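Colleague: here is my input; please provide its structure:
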Amino acid sequence: MEKESSRYWIDRFDLFCVKGKDSKRFLNGITTSNISSNDNNIIKTCWLTPTGNLRAMLEIYNNSNESNGLLVLVLIGDVNEIKNYCLDLIFPSDDITLGDTYSSYRLQEIDNLNQWRKFNPILLSEMNYRNYCLENKLDLLSCEELKEWKVNQAIPRFKTEVNGKNNPLELGLSDLIDFNKGCYLGQETMAKLKNVSFLKQEIRVWKSTCKSKNLNLDDNKIFLDNTKKEVAGLITSFDQSKDLNYHGLVFIKKKYLQIYFFYSDQFGKIKINKSIGSVFL
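Modeller: Below is the predicted model:
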């Protein structure tokens, strides 16, 4: 069988540099991964509210171009929100300075069999990203293909699934939580959820054969069946795929996770699948 050729996701993200000898200790205290003792060049992690809900998903880069510098790339979230939080948290005794915010292109190989976190990305400047892609003859996903791939990976969206109300374990991001590290923002809630294994809901991918064009999410409930007696979850996002059917992300109540078909007033019968990109406890 002929091997499927590599395809690539390229997108533009905001980032800033955290400089100084206290950089790792500082970021370790506000994120869910172990920054202090992790030798990986790229660390994926979460920034939570004090109550353990996801505010942003980040990538931390060991920046060889800056002495004691770490690059913080905001994959999902508001770069100004996290940067202002950091500024408010720095004590005069901390050897930490924050660099200016700027944008960079992030390039990553992808496929349809593995979760998106398998492949390490590279960062490319505004000046050279086009030449790099052309010289290496990279097969880039189109905007529509990328949107569909992200849904199938259950990559959450800012202000929909990532809205300060949902925790990373519900979003299938348990592999971005280090349950053995010391104190960090939101740790108490994460520990409780892990120890009692209690999640009210989990993220899933849904699909429908509905082809209506006049849709909105004013009523985003899904039901066990068309009698609508029992609410089973809430649709958080939807898009039309290239076959003109609809798909998106949905939170399913824990007690209904073993059921695969539900009913929606707007989308009719919908099918539920666990995504390739989700990792649960």
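Colleague: switch to C-alpha atoms for all contacts and neighbour counts from now on
Modeller: Fine.
Colleague: what's residue 117 sitting at in phi/psi?
Modeller: Backbone torsions for residue 117, taken as degrees, to the nearest 10, come to phi -80, psi 0.
Colleague: look up how far residue 109 lies from it.
Modeller: Distance of residue 117 to residue 109, computed by Cα to Cα, to the nearest Å: 10 Å.
Colleague: again with residue 53
Modeller: On the measure of Cα to Cα, residue 53 and residue 109 end up 29 Å apart.
Colleague: residue 77 now?
Modeller: Applying Cα to Cα, the value for residue 77 to residue 109 is 22 Å.
Colleague: one step back: in terms of neighbours, single out the busier of residue 53 and residue 109.
Modeller: Legend: neighbour count by other Cα atoms under 10 Å for residue 53 and residue 109, higher for residue 53 (22 against 18).
Colleague: the more buried one: what's it in contact with?
Modeller: The contact partners of residue 53, by Cα atoms under 8 Å, 6 or more residues apart in numbering, come to 164, 165, 166, 167, 168, 186.
Colleague: which one of the residues you listed is nearest residue 234?
Modeller: When these are ranked by distance to residue 234 (Cα to Cα), residue 166 comes first, at 12.4 Å.
Colleague: all strands of this protein, in order?
Modeller: Under the criterion DSSP state E, strands of the chain are mapped to 7-19, 42-48, 54-63, 69-76, 97-98, 102-110, 122-124, 201-208, 221-223, 231-240, 246-253, 261-264, 268-273.
Colleague: could you dump those to CSV with mean pLDDT and distance to residue 157?
Modeller: Listed next are the strands of the chain as CSV, based on pLDDT from 0 to 100; distance: least, Cα to Cα, whole Å:
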stretch, mean pLDDT, distance to residue 157
strand 7-19, 96, 14
strand 42-48, 97, 14
strand 54-63, 93, 10
strand 69-76, 96, 7
strand 97-98, 95, 26
strand 102-110, 97, 17
strand 122-124, 96, 21
strand 201-208, 96, 12
strand 221-223, 95, 19
strand 231-240, 92, 9
strand 246-253, 95, 10
strand 261-264, 95, 21
strand 268-273, 94, 18
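Colleague: distance to residue 182 added to those strands, as TSV?
Modeller: As requested, the strands of the chain are exported to TSV (distance: least, Cα to Cα, whole Å):
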stretch	distance to residue 182
strand 7-19	21
strand 42-48	15
strand 54-63	18
strand 69-76	20
strand 97-98	23
strand 102-110	30
strand 122-124	29
strand 201-208	26
strand 221-223	39
strand 231-240	33
strand 246-253	30
strand 261-264	41
strand 268-273	35
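Colleague: those strands: which one's closest to residue 152?
Modeller: strand 201-208 (6.4 Å).
Colleague: sheet partners, orientation included, of that closest one?
Modeller: Applying DSSP bridges, strand 201-208 is found paired with strand 246-253 (antiparallel), strand 268-273 (antiparallel).
Colleague: looking at these, which is buried most?
Modeller: Highest mean neighbour count of these: strand 246-253, a mean of 23 (counted as mean count of other Cα atoms under 10 Å).
Colleague: next, the angle from that strand to strand 231-240.
Modeller: Comparing the axes of strand 246-253 and strand 231-240 via axes from the mean of the first three to the mean of the last three Cα atoms, to 10 degrees yields an angle of 160 degrees.
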